[in-house]
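[1] Provide a 3D model corresponding to the input given below.
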Amino acid sequence: MISITEWQKLGVGITGFGIFFILFGILLYFDSVLLAFGNRHKLKGTSFFLGGVVIVLLRWPLLGMFLESYGFFSLFKGFFPMAFGFLGTTFDIPFLSALFRRLQGTSSMV
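    Just a heads-up that it's a prediction; the model follows:
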């Protein structure tokens with residue numbers, strides 16, 4: 001018989017909890033009521049994005065990628081100002097500001 005240590009039992013338990021919560025999250029993600037509730041005000045962006053995927057699969061890649069891009073920007077247009085605002089404040093973070101100053105000084109072409 002194989003002896004199992006306490007650390008291995010703990011690892012199996014934590015892994016089991018992780019797998020359970022991943023599967024539970026996937027089930028909640030595909031719940032039709034939650035999807036309809038979350039995407040009701042983003043129906044235009046979702047339809048353009050999924051329509052672009054279908055058009056790409058029907059071998060019209062340029063048009064499909066254009067529709068996907070429009071759908072992507074339409075879906076995440078509320079997120080972009082927050083992301084750009086965060087990028088603007090990265091110079092205030094001590095470690096990153098030192099890294100940016102170091103990288104800025106080494107960009108010469110000579």
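
[2] Dump the longest helix seen in the chain to CSV, restricted to CA.
    Ordering each helix of the chain by length in residues (DSSP state H) puts helix 6-29 first. What follows is helix 6-29, C-alpha atoms only, in CSV (Å, rounded to 0.1, in the frame of the first residue of the first chain):
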residue,chain,number,x,y,z
GLU,A,6,-0.4,15.0,5.3
TRP,A,7,1.0,17.5,2.7
GLN,A,8,-0.2,15.2,-0.1
LYS,A,9,-3.7,15.0,1.5
LEU,A,10,-3.8,18.8,1.8
GLY,A,11,-2.7,19.2,-1.8
VAL,A,12,-5.4,16.8,-3.1
GLY,A,13,-8.0,18.7,-1.0
ILE,A,14,-7.0,22.1,-2.3
THR,A,15,-6.9,20.8,-5.9
GLY,A,16,-10.3,19.3,-5.4
PHE,A,17,-11.7,22.7,-4.2
GLY,A,18,-10.0,24.4,-7.1
ILE,A,19,-11.6,22.0,-9.7
PHE,A,20,-15.0,22.3,-8.0
PHE,A,21,-14.9,26.1,-8.1
ILE,A,22,-13.7,26.2,-11.7
LEU,A,23,-16.5,23.9,-12.8
PHE,A,24,-19.0,25.9,-10.8
GLY,A,25,-17.8,29.1,-12.4
ILE,A,26,-18.1,27.5,-15.9
LEU,A,27,-21.7,26.4,-15.1
LEU,A,28,-22.6,29.9,-13.9
TYR,A,29,-20.9,31.5,-16.9
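
[3] Let me know the angle separating the next helix or strand after it from helix 6-29.
    Sequence order places helix 32-39 as the next helix or strand after helix 6-29, per DSSP states H and E. With axes from the mean of the first three to the mean of the last three CA atoms, to 10 degrees defining the directions, helix 32-39 sits at 70 degrees from helix 6-29.
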